[in-house]
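# fold the following for me, if possible:
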Amino acid sequence: MSCDASLVTWQLSEDGSRLVIDTPSGERFELVIDERLQAAIRSDRVRVRQLEMDMDEVLTPREIQTRVRAGESVEQIAESAGVSAESIEPFAAPIVAERAHIAAMAAGATVRADGSPWNFQPLRSVADSWADDGEEPDLETDWDAYRTPEREWFVRIQFGADEVAEFAFDHARRSVSAHNEFSYVLLGLRDKPLEDTTPIVRSPDVHDEPADVPVAEPEPDDSDTSDDQFDSLYEMLSGINEDSVEIYEGLSAEPVRERKSRPKRARGKKRPKHKEPAPEPVSRPTRA
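Next comes the predicted model:
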């Protein structure tokens with residue numbers, strides 16, 4: 001993407017060590033005025049190439065910018081690579097400015113959080129309210145942004161030295177959504193960190209062996225134990241579901257009873273019908 005150079009404005013930073021460039025789209029970049037930039041301005045291509053070759057032996061400019069865009073600082077990259085921060089700062093400066101620009105855009109983005117009193121409010125208002133009304137009044141905030149390998153931007157707000165809230169930034173919709181635990185607290189959606197209260201039942205290992213502990217022999221019971229009592233015990237145990245975490249819920253299950261089959265009658269033989277006895281004839285009286 002190219003733009004008219006006449007539409008690009010630039011100026012020196014207050015300390016005169018950086019070149020601040022503003023693009024027509026509203027983006028701002030800062031370039032450190034070092035030997036490499038001065039050589040490029042003088043069109044000293046040989047010197048520029050020599051500086052790039054010295055850096056390629058340790059880190060390529062692409063690697064530096066990828067790591068900076070992912071959230072690493074210039075000092076962290078320099079320490080891990082064993083080089084000075086000044087040697088990689090010219091490559092990192094545009095990405096550092098990009099991160100600051102994204103963080104500023106996210107600060108004015110709209111919060112998307114159903115059930116939150118801050119829904120559809122600017123993220124900057126949420127942060128300012130927490131900093132002013134929190135346990136520590138006038139708490140300092142530090143805004144930053146980073147991009148994941150999946151090309152998703154996240155904004156990070158640090159309150160003092162302890163709390164950090166992260167929000168996912170949707171660049172197209174200019175909206176943010178909670179990403180980590182403290183960001184939910186910030187939006188009033190969660191008062192404290194979630195705790196996993198799900199009970200965990202460890203199933204016995206097939207290699208577990210019983211402990212070598214003497215077991216007391218049960219004392220004989222003098223009371224009579226009928227077969228009906230054993231039947232009730234077996235029915236109760238058959239209701240236990242071994243796959244359930246709370247195994248005692250199965251005690252209410254009805255045991256499966258076997259149906260007793262009736263003996264079948266042989267074919268061809270019919271049960272004789274019961275016949276009523278015939279009434280006796282009533283004798284009529286004779287006429288005189």
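# which residues of the chain fall in strands?
9-12, 18-22, 28-32, 110-111, 141-147, 153-159, 163-170, 175-178 (DSSP state E).
# just the mean pLDDT for stretch 88-97, thanks.
Here stretch 88-97 scores 91 as its mean pLDDT.
# using CSV, write out every CA atom in that stretch.
The C-alpha trace of stretch 88-97 is given here as CSV (Å, rounded to 0.1, in the frame of the first residue of the first chain):
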residue,chain,number,x,y,z
ILE,A,88,18.2,-3.7,17.4
GLU,A,89,16.3,-0.6,18.3
PRO,A,90,16.1,0.7,14.8
PHE,A,91,14.2,-2.4,13.6
ALA,A,92,12.0,-2.5,16.7
ALA,A,93,11.0,1.2,16.8
PRO,A,94,8.3,1.0,14.1
ILE,A,95,6.7,-2.0,15.8
VAL,A,96,6.8,-0.4,19.2
ALA,A,97,5.0,2.6,17.7
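# break the protein down into its domains, please.
Following automatic domain parsing, one gets these domains for the chain: 1-107, 111-194.
# can I get those domains in a markdown table with mean neighbour count?
(Each C-beta comes from the backbone N, C-alpha and C, glycine too.) Converted to a markdown table, the domains of the chain look like this (neighbours: other Cβ atoms under 10 Å):
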| stretch | mean neighbour count |
| --- | --- |
| domain 1-107 | 15 |
| domain 111-194 | 16 |
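# quickly, which of those bottoms out on average pLDDT?
domain 1-107 has the lowest average pLDDT among the domains of the chain, namely a mean of 78.
# ok, back up a step: distance to L123 added to the strands of the chain, as a markdown table?
As requested, the strands of the chain are arranged in a markdown table below (distance: least, Cβ to Cβ, whole Å):
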| stretch | distance to L123 |
| --- | --- |
| strand 9-12 | 28 |
| strand 18-22 | 23 |
| strand 28-32 | 20 |
| strand 110-111 | 6 |
| strand 141-147 | 10 |
| strand 153-159 | 7 |
| strand 163-170 | 6 |
| strand 175-178 | 5 |
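# D128 is nearest to which of these?
D128 lies closest to strand 141-147 among the strands of the chain, at 8.0 Å (Cβ to Cβ).
# before we move on, the earlier item: quick one: closest of the strands of the chain to A97.
Once these are compared by Cβ to Cβ, strand 28-32 is nearest, at 4.6 Å.
# so which elements touch the closest one?
Packing partners of strand 28-32 (3 or more Cβ pairs under 8 Å, 6 or more residues apart in numbering; DSSP states H and E): strand 18-22, helix 85-107.
# now do the contacts for E30.
13, 18-21, 93-94, 96-97 (Cβ atoms under 8 Å, 6 or more residues apart in numbering).
# at 6 Å instead, please
Neighbouring residues of E30 by Cβ atoms under 6 Å, 6 or more residues apart in numbering: 18, 20, 93, 97.
# hey, what's it bridged with?
Assessed by DSSP bridges, E30 has beta-bridge partners V20.
# measure it to Y184 for me?
Remark: distance between E30 and Y184 (Cβ to Cβ, to the nearest Å) = 34 Å.
# do the same with E98
28 Å.
# same question for R151.
R151 sits 24 Å away from Y184, going by Cβ to Cβ.
# equivalent analysis for G16, please.
On the measure of Cβ to Cβ, G16 and Y184 end up 44 Å apart.
# what of S17?
40 Å.
# and T148, by the same measure?
Here the criterion is Cβ to Cβ. By it, T148 lies 20 Å from Y184.
# same question for A113.
For A113 relative to Y184 (Cβ to Cβ), the value is 8 Å.
# go on, G71?
Plainly put, G71 is 21 Å away from Y184 if you go by Cβ to Cβ.
# kindly report the same for F169.
Distance check for F169 against Y184: by Cβ to Cβ, it reads 16 Å.
# do A78 as well
Distance, A78 to Y184, using Cβ to Cβ: 35 Å.
# now swap in Q11 and tell me
In terms of Cβ to Cβ, Q11 sits 41 Å off from Y184.
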